[in-house]
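Visitor: could you work out the structure for the sequence below:
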Amino acid sequence: MTMIEREISHLLQSAMHSVQNGNIESARELCNKVIQIDSDQPDALHLLGKISESQNDLRQAIAYYKQSLESDTNSNIYMSMAILYQQGEEYSLAIDNYKSALELSPGIDIALQGIHQCGVEGHIYDKALEAINTIATSSPSIINASIHYLQLFQSKVDYLIDNNQLELAIDNLILLIQDANFLPVSFLSSKKIVANGGITGDIVQKHDGIEEIMLLSIVALGYEFNNMNEDAISIVTIVLDKLSAYIECHPEDNRAWRLLSSVLNIYKDKVYGNSVLRDFLGNLSDSVIIKYYI
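Guide: Residues are numbered from 1 along each chain as shown. Predicted coordinates:
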């Protein structure tokens with residue numbers, strides 16, 4: 001370590017000690033001495049940002065953080081900026097910085113939470129979903145990323161329903177169901193959709209194949225959670241009939257198998273008993289049944 005490096009280290013340690021003791025002005029002076037030696041010293045700039053933040057000078061804090069990042073791409077600095085942007089309701093910039101922090105340090109769960117919160121608070125669901133999906137794709141080991149993604153997608157659907165954008169909500173719910181093993185993530189949305197007028201024939205006609213069956217499943221779930229059990233049973237019977245025909249023709253479509261698994265798990269005991277399961281399997285060929293059980 002050179003003499004200059006030792007001096008900078010000593011000044012920074014003294015500055016940190018001053019902060020811990022509540023002597024903010026002393027810490028600022030010590031950091032400025034570091035900047036006089038090395039104008040781009042990232043630790044000094046970061047600490048100056050923290051000092052400005054503690055004094056509610058948020059713009060100056062962000063300026064220090066940005067300058068610090070020019071010489072040191074540090075996840076902690078991105079987190080500091082993201083939190084400040086979120087506090088200032090600049091949600092898009094907050095998401096960008098949370099994402100940058102995660103790209104450098106994938107294990108920062110609070111950054112995932114921050115992206116999630118910004119998407120909900122700022123109603124910028126698509127940007128937040130894209131950020132979380134990018135993180136989940138680049139770092140598959142982050143299990144919480146997929147959880148936040150599904151929860152945020154659910155929030156987006158509910159927001160659309162609450163704002164009378166029912167058809168768009170349904171289109172997004174179909175996407176959610178295809179991504180998320182179907183029904184367990186759509187209880188509340190299904191109930192809200194039925195309570196807000198349901199899925200009309202016009203909407204159903206815009207979809208076919210597995211998407212039509214998913215729509216009918218949403219209707220069934222909504223009926224059940226609005227205590228309309230007889231209607232739910234009637235629709236589920238139609239769903240199983242259509243699924244039987246679809247799977248026979250498209251046994252390779254995993255969406256259909258996931259839908260089948262969810263429908264049976266939710267309804268076979270709770271609503272009307274195992275006889276429907278036997279009837280359903282009786283409509284499938286032996287080769288398809290073997291694939292299902294394998």
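
Visitor: pop the domain breakdown of this protein in here.
Guide: For the chain, automatic domain parsing gives the domain ranges 1-72, 90-163, 165-294.

Visitor: any weak-confidence spans in the protein?
Guide: Applying pLDDT under 70 to the chain flags the ranges 1, 176-208, 222-229, 265-294.

Visitor: which residue is nearest the centroid of it?
Guide: Compute the mean C-alpha point of the chain, and by Cα atoms, centre = their mean the closest residue is Tyr149, 2.5 Å away.

Visitor: show me what counts as buried in stretch 252-264.
Guide: Residues 255-260, 262-264 are the ones in stretch 252-264 that count as buried (16 or more other Cβ atoms under 10 Å). For glycine as for every other residue, the C-beta is placed from the backbone atoms N, C-alpha and C.

Visitor: those in helices, which ones?
Guide: In helices, defined here by DSSP state H, the members of the buried residues of stretch 252-264 are 255-260, 262-264.

Visitor: now distance to Asn172 too, for these, in TSV please.
Guide: Formatted as TSV, those follow (distance: Cβ to Cβ, whole Å):
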residue	distance to Asn172
Arg255	16
Ala256	20
Trp257	22
Arg258	18
Leu259	17
Leu260	22
Ser262	18
Val263	20
Leu264	25
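
Visitor: max pairwise distance over those: which two?
Guide: Arg255 and Leu264 (15.1 Å; Cβ to Cβ).

Visitor: circling back: so which strand or helix has the residue nearest to the centre of the chain?
Guide: Using DSSP states H and E, Tyr149 maps to helix 143-162.

Visitor: can you name the next helix or strand after that helix?
Guide: Downstream of helix 143-162, the first helix or strand assigned by DSSP H and E is helix 166-179.

Visitor: tell me what that next one is packed against?
Guide: helix 143-162, helix 187-195, helix 209-225 (3 or more Cβ pairs under 8 Å, 6 or more residues apart in numbering; DSSP states H and E).

Visitor: to Pro106, which of those helices lies closest?
Guide: Closest among the helices and strands packed on helix 166-179, using Cβ to Cβ: helix 143-162, at 8.7 Å.

Visitor: how distant is that closest one from the center of its chain?
Guide: How far helix 143-162 lies from its chain's middle: 6 Å, per Cα atoms, centre = their mean, to the nearest Å.

Visitor: any idea how far Ile115 is from Ser80?
Guide: Applying Cβ to Cβ, to the nearest Å, the value for Ile115 to Ser80 is 16 Å.

Visitor: likewise for Val157?
Guide: With the distance defined as Cβ to Cβ, Val157 ends up 33 Å from Ser80.

Visitor: of those two, who's got more company?
Guide: Using other Cβ atoms under 10 Å, the more surrounded residue of Val157 and Ser80 is Val157, with 29 against 22.

Visitor: what residues are up against the closest residue to His250 other than its chain neighbours?
Guide: Excluding the flanking residues, the one nearest His250 by Cβ to Cβ, 6 or more residues apart in numbering is Ala256, at 6.4 Å. By Cβ atoms under 8 Å, 6 or more residues apart in numbering, the contact set of Ala256 is 210, 213, 243, 246-247, 250.

Visitor: so how do I select the buried members of those residues in PyMOL?
Guide: Entered in PyMOL, the line below selects the buried ones among the contacts of Ala256, by 16+ other Cβ under 10 Å:
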select buried, resi 210+213+243+246+247
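
Visitor: contacts for the helix or strand encompassing Val120?
Guide: Here Val120, judged by DSSP H and E, is contained in helix 109-121. Residues outside helix 109-121 that contact it (Cβ under 8 Å, 6+ apart): 79, 82-83, 86, 89, 91-92, 94-95, 98-99, 101-102, 124-125, 127-129, 131-132, 135, 142, 144-145, 148, 151-152, 155-156, 159.

Visitor: of the helices and strands packed on helix 166-179, flag the one that's most buried.
Guide: The highest mean neighbour count among the helices and strands packed on helix 166-179, using mean count of other Cβ atoms under 10 Å, belongs to helix 209-225: a mean of 22.
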